[in-house]
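A.B. asks: structure for this input, please:
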Amino acid sequence: MNKLNPLLIVVVTSVFALLALSQCSKRDNETTTYDFEHNLADLNQVQIIGKKIFFDKNLSSPAGQSCASCHNPATGFSDPALKPFSEGAVAGRFGNRNAPPLGYLSFSPVRYFDNVDSTFVGGLFLDGRVNSLKEQVRFPLLNHLEMNNGSISEVVTKVSQANYATLFKNTFGKNIFDDTTAAFDAISKAVAEFERSEQVSPFSSKYDAYLDGEASLTPQELRGLQLFNDTAKGKCANCHPSDADNDFGAALFTDFTYDNIGLPHNPNATTSQSDWGLGAIVNNPSMNGQFKVPSLRNVAVSAPYFHNGYFDNLNDAVRFYSERDVPGKFPAPEASQNVNKDELGDLHLTPQEIDDIVAFLKTLTDGY
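C.D. replies: Numbers count the residues shown, from 1 in each chain. Okay, here's the model as predicted:
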């Protein structure tokens, strides 16, 4: 019998080992993605029900769209389609704003006016129209551009026929479905409680590990962090503070205020009408174009960016902050009132500095 070359044996063995590792990693990734829907560990009973509702594709009209369809955990609870506007349950019917990530929303305070800084703070949705997660849950279920249910009764009937209906009754009362209003309130409460869970706001990024002394940032990431915090250069932390908040013990990367960053109208929008954001909600034209400052957590995986999804690339979004006011770089703002010219517009960031900031932003992705 011929003997195999020992070097050949080593090479072949190594190749098979790498292939096996690759397949194992692939299976692990698939399992992780799949199991998020079914992993109920560390959730209480109300949160479990909320999670089941969140992933239930039978709750739209027609069936086929769940909350997770536009707020997927793999993309920081944003739309995995990576399009400026999400398609609703009805084929060809699109929303008129970019679906915002749901992670870390539970930390937003009730909307109030800060007299010191002369700005609104808090509230939910991009325009701050509601003040609680329970209220926020109800809009997509009934919105004809989203899940398209005609009434709360329609939603309640679908939940009463779901495979978790018994669990729902065991939790909220055996006769809960006899009272449509009470049942819809329980549905909203359950989803809101799930959105408050650590599964939606895990604080598990590389940056969190760095703050805990369990990871090191690369030289480029550290340069990006320095620019991010530099009040005279990058100015990012002015609205997206990177320090651990005293109330929450972790960095939220938003101050929950509202701002008009001078974003142009998206030519791909479903309407040519201007979106006035907060101004329309508080009936104050001087606040037209102001939208809530989002958390930057998971920003690297939640493209496109801003309320109208104008940018699909994180580098371009950061470049806009730096070059918005440079002649010929970008179209005029959709809303010209109150455009923030103090913290963005002409920051003179070099291409390398933009890359450095983006490198830091990538450390904010959960699951490190």
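
A.B. asks: other residues contacting stretch 238-247?
C.D. replies: Outside stretch 238-247, the residues that touch it by Cβ atoms under 8 Å, 6 or more residues apart in numbering are 207, 211, 225, 228-229, 231, 236-237, 250-255, 257, 259, 293, 295-296, 343. Heads up, the C-betas are built off the backbone N, CA and C, glycines and all.

A.B. asks: go with 6 Å
C.D. replies: Applying Cβ atoms under 6 Å, 6 or more residues apart in numbering, the external contacts of stretch 238-247 come out as 229, 250-255, 293, 296, 343.

A.B. asks: do the same with stretch 92-100
C.D. replies: Residues from elsewhere that reach stretch 92-100, judged by Cβ under 6 Å, 6+ apart: 70, 78-79, 84-87, 126, 145, 270-271, 304, 307, 309.

A.B. asks: first-to-last residue distance for that stretch?
C.D. replies: Across its full length, stretch 92-100 reaches 20 Å between end residues, using Cα to Cα, to the nearest Å.

A.B. asks: how about Phe311, phi and psi?
C.D. replies: Comment: the main-chain dihedrals of Phe311 come out as phi -110, psi 130, following degrees, to the nearest 10.

A.B. asks: just to check, it is in contact with Tyr321?
C.D. replies: No: between Phe311 and Tyr321 there is no contact under Cβ atoms under 6 Å: 10.4 Å.

A.B. asks: center of this structure, which residue is that?
C.D. replies: Pro101 (1.4 Å; Cα atoms, centre = their mean).

A.B. asks: okay, and the residue lying closest to Pro264 once chain neighbours are set aside sits in which element?
C.D. replies: Spatial nearest neighbour of Pro264, excluding adjacent residues (Cβ to Cβ, 6 or more residues apart in numbering): Pro331 at 3.9 Å. Assessed by DSSP states H and E, Pro331 sits outside every helix and strand.

A.B. asks: and Pro331, how far from Met147?
C.D. replies: Relative to Met147, Pro331 is positioned 33 Å away (Cβ to Cβ, to the nearest Å).

A.B. asks: the two - which one has more neighbours?
C.D. replies: Between Pro331 and Met147, Met147 has the larger neighbour count (other Cβ atoms under 10 Å), namely 25 against 11.

A.B. asks: next up, the contacts around the more buried one.
C.D. replies: Contact partners of Met147, counting by Cβ under 6 Å, 6+ apart, are 60, 65, 89, 140-141.

A.B. asks: and which of those residues is nearest Val282?
C.D. replies: For those, the closest approach to Val282 (Cβ to Cβ) belongs to Pro140, at 22.3 Å.

A.B. asks: now that closest one: phi and psi?
C.D. replies: Here is the backbone geometry of Pro140 (degrees, to the nearest 10): phi -60, psi -30.

A.B. asks: separation between it and Asp185?
C.D. replies: Shown here: Pro140 relative to Asp185, a distance of 16 Å by Cβ to Cβ.

A.B. asks: more neighbours, those two?
C.D. replies: The residue with more neighbours, out of Pro140 and Asp185 and counting by other Cβ under 10 Å, is Pro140; that gives 26 against 16.

A.B. asks: excluding chain neighbours, give the residue nearest to the more buried one in space.
C.D. replies: Leaving aside its chain neighbours, Pro140 sits nearest to Glu146 (4.3 Å; criterion: Cβ to Cβ, 6+ apart).

A.B. asks: and for Ser61?
C.D. replies: Asn148 (4.7 Å).

A.B. asks: count of neighbours near the one you found?
C.D. replies: Burial measure for Asn148: 19 neighbouring residues, criterion other Cβ under 10 Å.

A.B. asks: ok so it is a strand residue?
C.D. replies: No: using DSSP: H, G, I helix; E, B strand; the rest coil, the secondary structure at Asn148 is coil, not a strand.
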